[in-house]
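[1] Model the structure of this input:
(chains A and B)
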Amino acid sequence: MKKNIILLILSVVLIYPIQAQKYITKDGVIDIFSETSFFTIKAKNQKVASILNVENGEIVASTLVRSFKFREALVEEHFNENYMESHLFPKALFKGKITNYSEIDLSKDGTYKVIIEGTFSLHGETRNLKTPCTLVVKSGTISGKTEFYVSLQNYKIKIEDQYKDRIKDEIKLEIHFDYKPM
Amino acid sequence: MKIKFTFFTLLFLFAGSNLYSQDDLMDLLEEQVEEESQEVAYTFKSTRVINSHSIERMKARQLDFRINHRFGEVKQGWYDLWGLDNALISFDFGYGINDWLMVGFRRSTYKKMYDGSLKFSLFRQTTGSHQFPVAISYYTNMGIYSLKEEDENFKFTNRFSYTHQILAARKFTEAISLQIMPTYVHRNLVDYNEKNDVFAVGIGGRYKFLRRVAFTFEYFWANHTASSDKYYNPLSFGFDIETGGHVFQLFFTNSQIMEESGYITETMGSWADGGIYFGFNISRVFAIGGHKKE
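    Purely as a prediction, here's the structure:
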C-alpha cells in the first residue's frame, strides 16, 4: 500500500512538469485586412485559442468565425451570412508544427525565427499552410507573431462578380498570440 | 492490483508526454475553451418586417437612415399611374446607443406626424451553453401630429398617440423566421364612436430563399376592426432585397400609413376591394464613431 502511495506521488510529480510543457492562450488576436481602391475591410478577433507544445513544437489554434468584429455591423453581417457562412462552418482551425524546432531552445529567453507548417481549415475546406513566424520567449511566457495571406477562392468563398473590385481575393491575416504555461 | 496500478501510472506518464498527436492537442484545446452561448443573429434583414418593427436593432454606433414610400391605391389605374401620383413618405432615423437600445425619430406625411421611439433588445435567441428559444424586444413610440386644426381651443395633448409592442421572434432555420407582436395603441383623440385604446396582435415572417432575397409577410389583428365598417386589419406581402450597402423592401399592403398608431388602428384599404398600395422602404446603414471594441 505504502508503495502504491509513493508511486502515486511519484507519478504526480513526474506528470506535473510534463503538463507544464504546454503553453496556452485563449485571447489570441487575428486581424484581417483587405484594401482596394473602393473599399477597405478590417476586422479583429480577440478570442482565438491556441496551444503550443514546447516539447515537440506542435501548435493548434481554433476560433469561432463569428468572433471577428467589424466597425460596420452590415459588413460583419455580410461576412458571416454571405461569405464565411458561419452558420454552416462556425470554426476556423489550424493544426501544425514548427518544422525547424530542433534548432531552437524555447527554455531560454530570446527571439526565435521559426517556420510553421500545417493545415488551415476554413469555410469547410482544408489547405496546407506554411508561414514564417517570430517567437519571443520572455520570463516564462511565449509570444508568437506571424502574418500570411489567404486566397478566398482557394477556400471556395465566393465573391460575386460585381463586388470583386471591393473585396480582394487575397486577405491578409495578422496573428498575435501570447502564450502562458498551461 | 499492484500490476494494474503500475500499468495505469505508466500509461499516465506516457499519455502526458510524446504520445500526443496534433489531433489530441486539438481535443485538449477544445476542452480548455469553455463553450460559450452563441447569439442567433440576423433573424431579419433589417429593423422592419414590413410596416412593423422587427426584433432587430441597430448595433452600437450604427445609424440606419430609411426613406419609406407608400403609393396611392393601385386600383386607381393608369390615371394615377397605379398610385404613383399619390405617395406618402417618411424619413426615418434609427441609432444604436449601445447593443441593446435603439432610438428612433421619424417624420411621416400622414397627419404630418413626428414620432420618437425606443427599442430595447431584452432577450436574444441563443444556442450553445445557454439556450434561449426566442429573441424578445420591446418597442415603444410616442407620436405627435402637426396637421393644422381649425378649432382655436384644440388642446395640444390631443395630438399625442402612444404605442407599446412586445416583439418575440424565432429564427427557425437560416431561411425561416417568425415574429409575433402583441401591441397596445393609445390615441388621445379619436372619432366619437371609436375607442382610445386598441389592442392588437401581429404576426410577421420571412422566407429567405436566395442569398440576398427574402419573401416577407405581416398581419395584425386588432380588436376594433370587427365592429368597424371603416377600418381593416393590415396585411402585407413583399420582398427584402439586399445589395452591398442597402436593403430594399418592396411590398403590397392595404395600409398607406407607416406609423404604428396609424397602420394598426386606421388602415382603410381592403384587400377584397382592391384597396391595396405599393410601397417600399430603403435602408442605408452608416457606422458612426470609432472602431467597435469587444
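[2] Tell me the strands beside the helix or strand containing A:Val114, with direction?
    Here A:Val114, judged by DSSP states H and E, is contained in strand A:110-122. Strand pairing for strand A:110-122, determined by DSSP bridges: strand A:91-98 (antiparallel), strand A:125-138 (antiparallel).
[3] what's the most buried one of the ones you listed?
    strand A:91-98 (a mean of 20; mean count of other C-beta atoms under 10 Å in any protein chain shown). For every residue, glycine as well, the C-beta is placed using N, CA and C.
[4] could you dump that strand to CSV, C-alpha only?
    Provided in CSV are the C-alpha atoms of strand A:91-98 (Å, rounded to 0.1, in the frame of the first residue of the first chain):
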residue,chain,number,x,y,z
LYS,A,91,-14.9,27.4,-36.8
ALA,A,92,-11.5,28.2,-38.2
LEU,A,93,-8.8,25.7,-37.2
PHE,A,94,-5.1,25.4,-37.6
LYS,A,95,-3.1,22.2,-36.8
GLY,A,96,0.6,22.1,-37.4
LYS,A,97,4.1,22.2,-36.0
ILE,A,98,7.3,24.2,-36.0
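[5] So which residues lie in contact with that strand, not counting its own?
    Strand A:91-98 is contacted by residues A:50, A:56-65, A:104, A:114-122, A:129, A:133, B:22-23, B:25-26 when judged by C-beta atoms under 8 Å, 6 or more residues apart in numbering or on different chains.
[6] likewise stretch B:268-282?
    Contacts of stretch B:268-282 (C-beta under 8 Å, 6+ apart): B:46, B:48, B:50, B:66-75, B:82-83, B:230-232, B:235, B:238, B:246-256.
[7] Check stretch A:51-59 too.
    For stretch A:51-59, using C-beta under 8 Å, 6+ apart, the contacting residues are A:18, A:21-24, A:50, A:60-61, A:94-99, A:101, A:106-107, A:114, A:116, A:118, A:142, A:144, A:177, A:179, A:182, B:17-18, B:20-22, B:25, B:28-29, B:32.
[8] now the residue nearest the centre of chain A, nearest residue through space, not along the chain?
    The centroid of chain A falls nearest to A:Ala61 when counting by C-alpha atoms, centre = their mean (4.3 Å). In this structure, A:Ala61 finds its nearest non-sequential neighbour in A:Ser50, 3.8 Å apart by C-beta to C-beta, 6 or more residues apart in numbering or on different chains.
[9] list the contacts for that neighbour?
    Per C-beta under 8 Å, 6+ apart, neighbours of A:Ser50: A:Ile24, A:Thr25, A:Gly28, A:Ile59, A:Val60, A:Ala61, A:Ser62, A:Phe94, A:Phe177, A:Tyr179, B:Leu29.
[10] what's the spacing between it and A:Asp178?
    10 Å (C-beta to C-beta, to the nearest Å).
[11] Secondary structure class of B:Glu34, three-state.
    On the three-state scheme (DSSP: H, G, I helix; E, B strand; the rest coil), B:Glu34 is labelled coil.
[12] likewise B:His224?
    Secondary structure state of B:His224, per three-state DSSP, is coil.
[13] I'd like the next helix or strand past the lowest-mean-pLDDT helix or strand in chain A.
    None of the helices or strands of chain A scores lower by mean pLDDT, DSSP states H and E than helix A:2-19, at a mean of 62. Where DSSP H and E defines the elements, the next helix or strand beyond helix A:2-19 is strand A:22-35.
[14] which bits of the stretch 101-250 of chain B sit near chain A?
    Within the stretch 101-250 of chain B, the positions adjacent to chain A are B:Glu174, B:Arg211, B:Arg212, B:Gly244, B:Gly245 by C-beta under 8 Å from any C-beta of the partner chain.
[15] One more pass at 7 Å, please.
    Within the stretch 101-250 of chain B, the positions near chain A by C-beta under 7 Å from any C-beta of the partner chain are B:Glu174, B:Arg211, B:Gly244.
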